[in-house]
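Asker: Give me coordinates for this.
(chains A and B)
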Amino acid sequence: MGWLLLAHIGLPLIFGMVFIIIVAAVDPRSTGWDLLGETALDFAILGLGATGSVFDNPKMSQAFPGANSTLVAISVIAVNLVFAAVIVSIRASNVRKNAHFTGFSSIISLFLGVLGVGFTAGALVWAYLHV
Amino acid sequence: MEFLKFFSIWIGSATAVTAALVLIAGPLASLIRHLIYPPLRWQNVATPQPLRSPQVTQNK
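Answerer: Purely as a prediction, here's the structure:
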């Protein structure tokens, strides 16, 4: 249960704080809700990038034998890509209108980004709990 | 049943992390910006100079 909580709450929280620090330090113009929108995009990139290293783990091959491991990896990437596409489309819509993130759109973006990272980490925890 | 439990943990934890980050983001960003870009202090601001130098006034 501890690993489950670390994967789903601890790691996304730490990464989120790091992303907020980086965005606040690098881009002084992104204020308010824009800060969370940029953080959401970083979460989406992290969720996609971490999938490769997670499925390189031998436990994943044991939990999902044969070609199933590859199929699960592709599924995780597909779900993460859907989340990333929604986040990018919200951001692109704001850029097109020359507008800022609203409270609702930034919270939805951040939620989807955290879901993506949690999905990747959850696959690893699932494998460790079932082998 | 186990999948449902996993799914609820996934959604619930994402909601909790999002709420925590929404609360943390503002103060954390203000702190970082305060450390990196400190506010101007009056002693650092140059003293305002007159628009015309005294030499120009003397020539007139």
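Asker: Can you point out the buried residues in the top helix by length along chain B?
Answerer: What stands out as the longest helix in chain B, according to DSSP state H, is helix B:2-36. Buried residues in helix B:2-36, counted by 16 or more other Cβ atoms under 10 Å in any protein chain shown: B:6, B:9-10, B:13-14, B:17-18, B:20-22, B:25-26, B:28-29, B:32. The C-beta positions use only the backbone N, C-alpha and C, and glycine is treated the same way.
Asker: What is that helix packed up against?
Answerer: Using 3 or more Cβ pairs under 8 Å, 6 or more residues apart in numbering or on different chains; DSSP states H and E, the elements in contact with helix B:2-36 are helix A:11-26, helix A:33-54, helix A:103-129.
Asker: buried ones in stretch A:46-54?
Answerer: In stretch A:46-54, counting by 16+ other Cβ under 10 Å, buried: A:46-48, A:50-51, A:54.
Asker: And these, which is closest to chain B?
Answerer: Nearest to chain B among those is residue A:47, at 11.3 Å by Cβ to the nearest Cβ.
Asker: per-residue pLDDT, the closest residue to the closest one other than its chain neighbours?
Answerer: Distances taken as Cβ to Cβ, 6 or more residues apart in numbering or on different chains place residue A:116 nearest to residue A:47, at 3.2 Å, with adjacent residues excluded. For residue A:116, the pLDDT comes out at 92.
Asker: May I see the buried residues of the longest helix seen in chain A?
Answerer: Ranked by residue count, the top helix of chain A under DSSP H comes out as helix A:68-97. Residues of helix A:68-97 classed as buried by neighbour count (16+ other Cβ under 10 Å): A:69, A:72-73, A:76-77, A:79-80, A:83-84, A:86-87, A:90-91, A:94.
Asker: pLDDT weak spots in chain A?
Answerer: A:1 (pLDDT under 70).
Asker: Residue numbers of it in contact with chain B?
Answerer: Chain A has residues A:4-5, A:8-9, A:12-13, A:16-17, A:20-21, A:23-25, A:28, A:31-32, A:35-36, A:39, A:107, A:110-111, A:114-115, A:118-119, A:122, A:126 near chain B, with proximity defined as Cβ under 8 Å from any Cβ of the partner chain.
Asker: List only buried entries from the residues you listed.
Answerer: A:4, A:8-9, A:12-13, A:16-17, A:20, A:23-24, A:35-36, A:39, A:107, A:110-111, A:114-115, A:118-119, A:122, A:126.
Asker: how many neighbours does the residue nearest to residue A:47 have?
Answerer: Counted with other Cβ atoms under 10 Å in any protein chain shown, residues neighbouring residue A:116 total 29.
Asker: my read: it touches residue A:84, true?
Answerer: Yes: judged on Cβ atoms under 8 Å, residue A:116 makes contact with residue A:84 at a distance of 6.9 Å.
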